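J.: just a sequence and a predicted model for now, questions to come.
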Amino acid sequence: MTHHGDGASRTLRLTAVLVVLGIAGLLMSGETASAASSAPSQNTNKVVLKIGTTDDPDTLSPYTALDTLSWEIFCLNYDGLFGVGSDMQTTLGLASEFPTQQNGGISADGKIWTIHLKPNLKWSDGQPLTAADVAWNFNYNIEKRTKFYYGTMSHVKRVEVVNPTTVRIICAEPEADLETAYIPILPKHIWSKIPTQEIVSTYRNSPPIVGSGPFQVVQWKKSDYVHLVRNPYYWGKKPSVTDIYFETYQNANTLASDLRAGTIAAAENIPSAEFSQLTSTPGIDTVAYNLLSWDYLSLNCYMGKSSTGNPVLRDPRFRQALNYATDHQALCNLAYGSRATPGTTILPPNTWTNPDYHWQPPASQMYTFDLAKASQLLTAAGYPLKDGVRVNKQGKPITLRLAAPSDSAQEESAAKMIAGWFEKLGLKITLTMMDEGALSSHVYNYNGNTYAPDFDMYVWFWGGFSDPGQTMECMTTAQIGEANEPGWSDPAYDKLSAEQSVTLDPQKRAQLLWQMQQIMYEQTPWIVLVYPQALQAYNTSKWTGWTRVLNGSGPAFYTGNQGQIDSYLDLRPAAYAATTSSSSNTTLILVVVVVVVIVAGSVAFVVVRRRRRVEDEA
């Protein structure tokens, strides 16, 4: 699950760039779909893809990164055993075939998986990639109970090397989501030499980064760009693109202007006003989408003595009243400029089909905006009004801290609206805007080894997994102090989570996940506020091969930990595509003009954000 830019900060950057106009003849073969050879190509011809965003990686370590751009890069640099296609279905990664009971890949009881790797796999440094690499990664995550990956393999006991191209995965129970879990396979010959504590805390994984994916990170200039080059040892389809630059913009309006000018091929996090103009620009396609993401109000439910949260939030009746005091549609219209839909659960609608894992609350169970009902519920639960002030069961006025990230106009507006509604209930709300690093430190606060969450409520943003069970598992008791931010615990929810994780039948699994969503919705540890739209656009006059996910309704790139990288593999210059379609044996000489725009003496603040939806300035 991608999450907030942990440890993010505002960084002052002075950029002075000289103008360079480069014109180079590019000699390219008509065959672009052949597999990579076993040795690196010495061809120095380049096809450069530039993607602009206001985002910036927080780190390039798959063990600590929370930013969406970081995960987009990981999916290009590292393979898993399996992947995810543009239709959200599982694809083959390093594995050579899908294991089944029929081909002997899965035992009759579903507890032993035998997975065969593709032959002659290599890392981008030319060293062999073998079953030993796969086993080391799985066993490391199991042994260290790593934050991001252990939850997706909780039933795996160990992984054994059968031979150089075969691993055997031993499970305590059947693992329903083993194929859908993105567990990046990292090179053992590099990562096994890094101290464990450093891996899970401070290790930044500086370029050049060794991986097995189609591209390799070779340079990262913080708050400026990340440069990837094509991996000559990649086992799959050879991309036409040789170089990718993810360029970080400090000014979102400049981002849109550069896309319009052709300086970059695509842009993510476009301002709403600029986005509307781009929709009528010839040669530019625009996409407003939601990909497994939501904005939410987190309520501190943690029962531990170390929590500094107001105890009233541990009462589900109090939390339910707050849900009735939240106008989701008004948030969509006002705080999000109508670029969002009302939220209900952490499995967004319009994502899965056959089955649809999203549970939609029926009208009889829906939290509709009703301040009078919210007030009545609070009074009935033992929190009466006294001279217009809401008091707790000890008769003392209730004061709640509400925080929101200072870099998001949308979330700041939402927090202000929420504070206003709650104050109408007689609650005193102390509203604070803070940078994401400070907010994260409050949410994940520890006193030594003791989890001590230091908050009452906050508004923030999150994105889930393509596998719905992995998203729901984040709210189990075992994840308190990690993914379970509100510190909420419910035995029935935990039991259903354990059951869905071993249920192989999708329809039966969906019923369990519906029940989990219903419990969470009723208990309200999170109030899922809205499903916000992200805005991206890309050039179709100069590039062909953009592939949108979710069967054409989602983004063409920037899918984060969902791992759909089809666009990067299929993209090629439109002029080249037209030439090769008429004569596949004709050599094309492609002239590439690269323009680097002057940004002389500009000073800007950069905000690290997992996936920021850029808003128009007020």
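T.: Done, it's in.
J.: low-confidence ranges in the stretch 201-350 of the chain?
T.: Of all residues in the stretch 201-350 of the chain, none has pLDDT under 70.
J.: do a quick rundown of the strands in it.
T.: Listed from the start of the chain, the stretch 201-350 of the chain has strands (DSSP state E, counting those that start in this stretch) covering 215-221, 225-230, 243-248, 266-268, 284-289, 293-299, 340-342.
J.: okay, domains of the protein per the record?
T.: The chain resolves into domains spanning 1-78+213-288+534-618, 79-205, 293-532 when parsed by automatic domain parsing.
J.: rewinding a little: point out the most buried one among the strands of the stretch 201-350 of the chain.
T.: When you average the neighbours per residue for each of those (mean count of other C-beta atoms under 10 Å), strand 266-268 leads with a mean of 28. Backbone N, C-alpha and C define where each C-beta goes, glycine included.
J.: that strand pairs with which strands?
T.: Strand 266-268 has the following sheet partners, assigned by DSSP bridges: strand 48-53 (parallel), strand 534-539 (antiparallel).
J.: which residues touch it?
T.: Strand 266-268 is touched from outside by 49-55, 255-256, 258-259, 534-539, 555-558, with contacts defined as C-beta atoms under 8 Å, 6 or more residues apart in numbering.
J.: in the protein, what residue sits furthest out from the centroid?
T.: Of all residues in the chain, the one whose C-alpha sits farthest from the chain's mean C-alpha position, using C-alpha atoms, centre = their mean, is Asp387 at 46.3 Å.
J.: how deep is the residue nearest to Ile112 when sequence neighbours are not counted tucked in, by neighbour count?
T.: For Ile112, the nearest residue in space outside its immediate sequence neighbours is Ile170; the separation is 6.0 Å by C-beta to C-beta, 6 or more residues apart in numbering. Burial of Ile170 is recorded as 14 neighbouring residues (other C-beta atoms under 10 Å).
J.: residues in contact with Ile346?
T.: Taking C-beta under 8 Å, 6+ apart as the definition of contact, the neighbours of Ile346 are Trp294, Tyr296, Trp462, Gly464, Thr471, Met472, Met475, Gln517, Met520, Trp526, Val528.
J.: quick one, what contacts the last one?
T.: What it means is Val528. So, once contact is read as C-beta under 8 Å, 6+ apart, Val528 ends up touching Trp294, Asp295, Tyr296, Gly343, Thr344, Thr345, Ile346.
J.: same question, the fifth one
T.: With contacts defined as C-beta under 8 Å, 6+ apart, Thr471 is in contact with Met1, Leu292, Ile346, Leu347, Gly464, Phe465.
J.: so where is the stretch 501-618 of the chain shaky, pLDDT-wise?
T.: In the predicted model, the stretch 501-618 of the chain carries pLDDT under 70 at residues 560-563, 576-618.
J.: just the strands in it please.
T.: Across the stretch 501-618 of the chain, reading from the start of the chain, the strands by DSSP E, counting those that start in this stretch fall at 526-532, 534-539, 543-544, 572-573, 588-596, 602-607.
J.: picking up where we left off before, can you put the strands of the stretch 201-350 of the chain in a markdown table and add distance to Lys396?
T.: Formatted as a markdown table, the entries for the strands of the stretch 201-350 of the chain read as follows, by distance: least, C-beta to C-beta, whole Å:
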| stretch | distance to Lys396 |
| --- | --- |
| strand 215-221 | 51 |
| strand 225-230 | 52 |
| strand 243-248 | 48 |
| strand 266-268 | 47 |
| strand 284-289 | 46 |
| strand 293-299 | 19 |
| strand 340-342 | 34 |
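J.: got the strands paired with strand 266-268 as TSV, with mean neighbour count columns?
T.: Converted to TSV, those look like this (neighbours: other C-beta atoms under 10 Å):
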stretch	mean neighbour count
strand 48-53	22
strand 534-539	24
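J.: as a markdown table, the ones you listed with distance to Lys193 would be great.
T.: Output for the strands paired with strand 266-268, formatted as a markdown table (distance: least, C-beta to C-beta, whole Å):
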| stretch | distance to Lys193 |
| --- | --- |
| strand 48-53 | 33 |
| strand 534-539 | 38 |
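J.: and Thr279, which of the ones you listed is closest to it?
T.: Closest to Thr279 of the strands paired with strand 266-268, according to C-beta to C-beta: strand 534-539, at 8.3 Å.
J.: just give me how far the closest one sits from the chain centre.
T.: Between the centre of strand 534-539 and the centre of its chain there are 17 Å (C-alpha atoms, centre = their mean, to the nearest Å).
J.: do the same with stretch 545-565
T.: Counting by C-alpha atoms, centre = their mean, stretch 545-565 comes out at 12 Å from the chain centroid.
J.: kindly report the same for stretch 96-107.
T.: Averaged C-alpha coordinates place stretch 96-107 at 30 Å from its chain's average position (C-alpha atoms, centre = their mean).
J.: same question, stretch 338-349
T.: Using C-alpha atoms, centre = their mean, we find the averaged C-alpha position of stretch 338-349 to lie 16 Å away from the chain's own average C-alpha position.
J.: then stretch 334-344?
T.: Mean C-alpha position of stretch 334-344 versus that of the full chain (C-alpha atoms, centre = their mean) differs by 20 Å.
J.: got the buried residues for it?
T.: Ala335, Tyr336, Gly337, Arg339, Ala340, Thr341, Pro342, Gly343, Thr344 (16 or more other C-beta atoms under 10 Å).
J.: which of those sit farthest apart?
T.: Checking those with C-beta to C-beta, the most distant pair is Gly337 and Thr344, at 20.7 Å.
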